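Peer 1: Just the structure for this:
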Amino acid sequence: MIFRRGMAILAAAALFAWGWAAWGASSSPVKRASKDETYEQLELLAEALSVIQTEYADEPKPKELIYSAIDGMVSSLDRHSQYLRPDEYDEMRVETKGQFGGLGVEIGMKEGLLTVVTPMDDTPAAASGIMPGDRIVKIDGQFTRGISLHEAVQKLRGKPGTKITLTILREPEDQLFDVVLTRAVIKIQSVKDARIVADKIGYIRVTEFQENTAQDLDAALAGLEKDGMDSFVLDLRRNPGGLLDSAIAVAEKFLPKGDRIVSTRGRQAEQNLEFQAQAAQPHLNFPMVVLVDNGSASASEIVAGALQDHKRAILLGVKTFGKGSVQTVIPMRDGSAVRLTTSKYYTPSGRAIHGEGILPDVIAAQESEPAPVSAKQDLFDRLEAKDHPEKKPKSFSVDAQLARAIDLLRGIRVYQERQA
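Peer 2: Got it, this is the predicted structure:
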């Protein structure tokens, strides 16, 4: 093994030194000591960069090396922090407009495996029978071992009308099956399916928290109240989250003014925030059940946790996903961006959402909910050895959780009538 040092090390180190000196010139002694320690590590990075540039068999592109270094640094923090290259940042901004080409499935990494958070309503993913908790072990025949979240999104998206094959592992039954989907333009309707589901029991499903969710919910509630609604089911199942402001605006429709909805805590003082209900005319006069499942994440967990803590609603279903961290997208000068976890959500009573989820008051599975599983280090080894026979996915048409919610509200009505 040959070790060499070249002028590139000095140049890179000088560049880091100039930047670091400019940043730390007016720092306190304690902060300066910390920065000096970090500067030593930056010298190591500069040295590694120089070695790669001079000794690697092929000539690497400097920008690609730097991008890869930043990507590795950010992704090592947690599974939600991410470095977005310029093209990836552009894609993210397109996605937030509410219409994009793809399958209509929210995915994440759980226990190191590519996992379905939730399929969105009225999309190819939902029509195919994909469920929250399903593991995507192959995309078009290629194993997803070691794939990054961005790489997976890139593979799942494509031109509308093109086909893609996903190999799904559904636990705990260890069902393994292929699903062929046709990509489509995904249009997300936030508030839908508002109706009276039983005698004066209203029902509204919120699929995602967008800019107009609170206004659309207001209109739907007004329509149900005109139809004589005296109790209500809010369905947040398979809701992957969305905008924090929207979640707060929805929660405050059912809470007295001044009630805390959610707080955030981070390392910086400006990240420690508290949000309270401010709605002038909240809906407080009817019993309420909120449906949740393991596809309910982020903003939907904020709403569910607030209504549960203030005893405004009964939560029914299974434990939620547990995605309670705040990601801030910070643009970089070259058109890239860092999507960084800057704080975490806490319910009004101080419960952490991130990694914990919200446990319902009434546990009710939807016939077959994927149960939480321990990490399976040998999963791909077993699949590659073809130890799992292919099976067809089970399908369920009866909404057992909604039926339980209706029975619960009827029971509350009977109790109230007897107390009158």
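Peer 1: in the longest helix along the chain, what's buried?
Peer 2: Ordering each helix of the chain by length in residues (DSSP state H) puts helix 29-55 first. Neighbour-count burial for helix 29-55, with 16 or more other CB atoms under 10 Å as criterion, is recorded at 35, 39, 42, 46-47, 49-51, 53. Heads up, the C-betas are built off the backbone N, CA and C, glycines and all.
Peer 1: do the same with stretch 184-193
Peer 2: Using 16+ other CB under 10 Å as the burial criterion, the residues of stretch 184-193 that qualify are 184, 186, 188, 190-192.
Peer 1: Stretch 169-183 now?
Peer 2: Using 16+ other CB under 10 Å as the test for burial, stretch 169-183 gives 169-170, 175-177, 179, 181, 183.
Peer 1: For the residues you listed, give me JSON lines that also has secondary structure, pLDDT and distance to residue 348.
Peer 2: Output for the buried residues of stretch 169-183, formatted as JSON lines (DSSP: H, G, I helix; E, B strand; the rest coil; pLDDT from 0 to 100; distance: CB to CB, whole Å):
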{"residue": "169", "secondary structure": "strand", "pLDDT": "92", "distance to residue 348": "37"}
{"residue": "170", "secondary structure": "strand", "pLDDT": "89", "distance to residue 348": "35"}
{"residue": "175", "secondary structure": "strand", "pLDDT": "83", "distance to residue 348": "39"}
{"residue": "176", "secondary structure": "strand", "pLDDT": "89", "distance to residue 348": "42"}
{"residue": "177", "secondary structure": "strand", "pLDDT": "92", "distance to residue 348": "42"}
{"residue": "179", "secondary structure": "strand", "pLDDT": "94", "distance to residue 348": "40"}
{"residue": "181", "secondary structure": "strand", "pLDDT": "94", "distance to residue 348": "40"}
{"residue": "183", "secondary structure": "coil", "pLDDT": "93", "distance to residue 348": "41"}
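Peer 1: of all these, which comes closest to residue 157?
Peer 2: Using CB to CB, residue 183 comes nearest to residue 157 of those, at 7.3 Å.
Peer 1: Would you mind checking the average pLDDT for the longest helix of the chain?
Peer 2: In this model, helix 29-55 has a mean pLDDT of 80.
Peer 1: what about that helix, distance to the chain center?
Peer 2: In terms of CA atoms, centre = their mean, to the nearest Å, the centre of helix 29-55 is set 34 Å apart from its chain centre.
Peer 1: got it, and stretch 270-284?
Peer 2: 22 Å.
Peer 1: Adding distance to residue 199, write the buried residues of helix 29-55 out as TSV.
Peer 2: Below are these laid out as TSV (distance: CB to CB, whole Å):
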residue	distance to residue 199
35	67
39	70
42	68
46	72
47	74
49	70
50	76
51	75
53	74
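Peer 1: Residue 322 versus the closest residue in space to residue 323 that isn't next to it in sequence, what's the distance?
Peer 2: Distance criterion CB to CB, 6 or more residues apart in numbering; nearest residue to residue 323, sequence neighbours excluded, is residue 297 at 4.2 Å. The spacing between residue 297 and residue 322, counted by CB to CB, to the nearest Å, is 8 Å.
Peer 1: So which residues of the stretch 101-250 of the chain form helices?
Peer 2: 124-127, 149-156, 213-226, 244-251 (DSSP state H, counting those that start in this stretch).
Peer 1: could I get these as JSON lines with mean neighbour count and mean pLDDT?
Peer 2: Formatted as JSON lines, the helices of the stretch 101-250 of the chain follow (neighbours: other CB atoms under 10 Å; pLDDT from 0 to 100):
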{"stretch": "helix 124-127", "mean neighbour count": "20", "mean pLDDT": "90"}
{"stretch": "helix 149-156", "mean neighbour count": "16", "mean pLDDT": "83"}
{"stretch": "helix 213-226", "mean neighbour count": "17", "mean pLDDT": "96"}
{"stretch": "helix 244-251", "mean neighbour count": "23", "mean pLDDT": "96"}
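Peer 1: Now distance to residue 275 too, for those, in a markdown table please.
Peer 2: Converted to a markdown table, the helices of the stretch 101-250 of the chain look like this (distance: least, CB to CB, whole Å):
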| stretch | distance to residue 275 |
| --- | --- |
| helix 124-127 | 31 |
| helix 149-156 | 28 |
| helix 213-226 | 14 |
| helix 244-251 | 5 |
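Peer 1: Ok, which of those helices comes nearest residue 116?
Peer 2: Ranking the helices of the stretch 101-250 of the chain by proximity to residue 116 (CB to CB) places helix 124-127 first, at 7.8 Å.
Peer 1: helices and strands around that closest one, which ones?
Peer 2: Here helix 124-127 touches strand 113-119, strand 175-182, going by 3 or more CB pairs under 8 Å, 6 or more residues apart in numbering; DSSP states H and E.
Peer 1: Export those as a markdown table, with columns for distance to residue 57.
Peer 2: Output for these, formatted as a markdown table (distance: least, CB to CB, whole Å):
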| stretch | distance to residue 57 |
| --- | --- |
| strand 113-119 | 32 |
| strand 175-182 | 39 |
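Peer 1: picking that back up, neighbour count: residue 297 and residue 322, which is higher?
Peer 2: Set residue 297 next to residue 322 and count neighbours by other CB atoms under 10 Å: residue 297 wins out with 26 against 20.
Peer 1: got the buried residues for stretch 316-328?
Peer 2: By neighbour count with 16+ other CB under 10 Å, stretch 316-328 contains the buried residues 316-327.
Peer 1: Output those in JSON lines, with secondary structure appended to each entry.
Peer 2: Formatted as JSON lines, those follow (DSSP: H, G, I helix; E, B strand; the rest coil):
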{"residue": "316", "secondary structure": "strand"}
{"residue": "317", "secondary structure": "strand"}
{"residue": "318", "secondary structure": "coil"}
{"residue": "319", "secondary structure": "coil"}
{"residue": "320", "secondary structure": "coil"}
{"residue": "321", "secondary structure": "coil"}
{"residue": "322", "secondary structure": "coil"}
{"residue": "323", "secondary structure": "coil"}
{"residue": "324", "secondary structure": "coil"}
{"residue": "325", "secondary structure": "strand"}
{"residue": "326", "secondary structure": "strand"}
{"residue": "327", "secondary structure": "strand"}
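Peer 1: All set now, cheers.
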